[in-house]
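In: Structure, please.
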Amino acid sequence: MTWMWIVGLVLVAVGVAGFLAAQRVRARRHAMIAAETLPIAELEEHQRTLADLGTAGGFRKVCEVVGAAHPHPEGPLRAPQSGTECVWYRQTVVHRYSESYRDSDGDWQRRERSETVLDETSRQGYALVDSSGIIGVDPNGVAPDRPEKIHERFVPGAPGPGGFVNALQGFTGQGSSDSLGMTYTEWVIRPGRPLYVLGEVHDRIGPLVIGKPESSSDHFIVSTRSEEELRNDAVGHQRWFAWGGAALAVVGLVLTVVGLVS
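Out: Down below sits the predicted model:
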């Protein structure tokens, strides 16, 4: 049975992907376990010690910092859709439409589809404040874990002048498609929001900044959840990926063997 061994191979591939995902989650959890959580004042003291030894600009330390989000010196951002004051935002615009298609019997049917026409994340840095000091955060385009979703609105019909007309001119359906509307969604981190950050602290630009490590093997995490919550969540995901992947791989191997034998 050809279909059986084909399905078996697909399941084996999915199982392997699950195993690899479990290893990535495990590495992320172990990185959090291994990293020290340091107060900002202690990091500043380490930086001053190196500067006194004549190595200004050479400070590097992979660690965790916990504090409250604080705006950039130029002031807080404004989320584009809602105008909410924030230090970071992400906005998406999704076009929903219906299109005609032929089913397996050759009859015309209609189905709803969606296409993302905008997915934008702010890139301006911000800061983290704890009881001992302040440190810059370079998001490097990386979206934080569990930002606050503050806005979601569906606007029916085709976009009007000044909307996303140019972005939609080449969208998938032509002639046989009808625009249903646009879904506008927005997430933010507000000033004062508690954050957990795992990354590399450096002083390449002078003041201390925590951001994405230079080494690709090190992790960069910005989260509105605590380290304990992240680690507990990682344990659950690791087990699910590992056991689910193993089960799918075993079933896939059985189907592949049976299909080849048959």
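In: lowest average confidence, helix or strand, in the protein?
Out: Lowest on mean pLDDT, DSSP states H and E among the helices and strands of the chain sits helix 165-168, with a mean of 48.
In: for the next helix or strand along the chain from that one, which positions count as buried?
Out: Toward the C-terminus, helix 165-168 is succeeded by strand 177-189 as the next helix or strand (DSSP states H and E). Buried positions in strand 177-189, judged by neighbour count with 16 or more other CB atoms under 10 Å: 179-189. From N, CA and C alone the C-beta is placed, and that goes for glycine too.
In: Using pLDDT, spot the least trustworthy of those residues.
Out: The member of the buried residues of strand 177-189 with the lowest pLDDT is residue 179, at 85.
In: Helices of this structure, start to end?
Out: Secondary structure of the chain (DSSP state H): helices located at 2-34, 40-52, 165-168, 227-261.
In: least reliable of these going by mean pLDDT?
Out: Averaged per stretch, pLDDT over the helices of the chain is lowest on helix 165-168, reaching a mean of 48.
In: could you list every residue that touches residue 138?
Out: The neighbours of residue 138, taking CB atoms under 8 Å, 6 or more residues apart in numbering as the test, are 125, 209-212.
In: Next, format the residues you listed as JSON lines and append distance to residue 44, pLDDT and neighbour count.
Out: What follows is the contacts of residue 138, written out as JSON lines (distance: CB to CB, whole Å; pLDDT from 0 to 100; neighbours: other CB atoms under 10 Å):
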{"residue": "125", "distance to residue 44": "18", "pLDDT": "94", "neighbour count": "18"}
{"residue": "209", "distance to residue 44": "12", "pLDDT": "94", "neighbour count": "19"}
{"residue": "210", "distance to residue 44": "12", "pLDDT": "95", "neighbour count": "26"}
{"residue": "211", "distance to residue 44": "17", "pLDDT": "93", "neighbour count": "20"}
{"residue": "212", "distance to residue 44": "21", "pLDDT": "92", "neighbour count": "17"}
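In: What is the nearest of those to residue 23?
Out: Each of the contacts of residue 138 was scored against residue 23 by CB to CB, and residue 212 proved nearest at 20.8 Å.
In: show me the contacts for the closest one.
Out: Taking CB under 8 Å, 6+ apart as the contact definition, residue 212 lies against 138, 140, 142, 199-200, 220.
In: Equivalent analysis for residue 183, please.
Out: If a contact means CB under 8 Å, 6+ apart, then residue 183 has 92-94, 96, 114, 152-155 as its contacts.
In: in the stretch 51-200 of the chain, which ranges drop under the pLDDT threshold?
Out: Under the criterion pLDDT under 70, the flagged ranges of the stretch 51-200 of the chain are 52, 54-57, 158-176.
In: can you give me the strands in it?
Out: Taking DSSP state E, counting those that start in this stretch as the criterion, the stretch 51-200 of the chain contains strands spanning 60-70, 77-78, 85-86, 88-102, 108-121, 126-130, 133-137, 148-156, 177-189, 194-202.
In: who wins for proximity to residue 44 among those strands?
Out: strand 133-137 (5.9 Å).
In: Note down every partner strand of that closest one and its orientation.
Out: Taking DSSP bridges as the criterion, strand 133-137 sits next to strand 126-130 (antiparallel), strand 209-211 (parallel) in its sheet.
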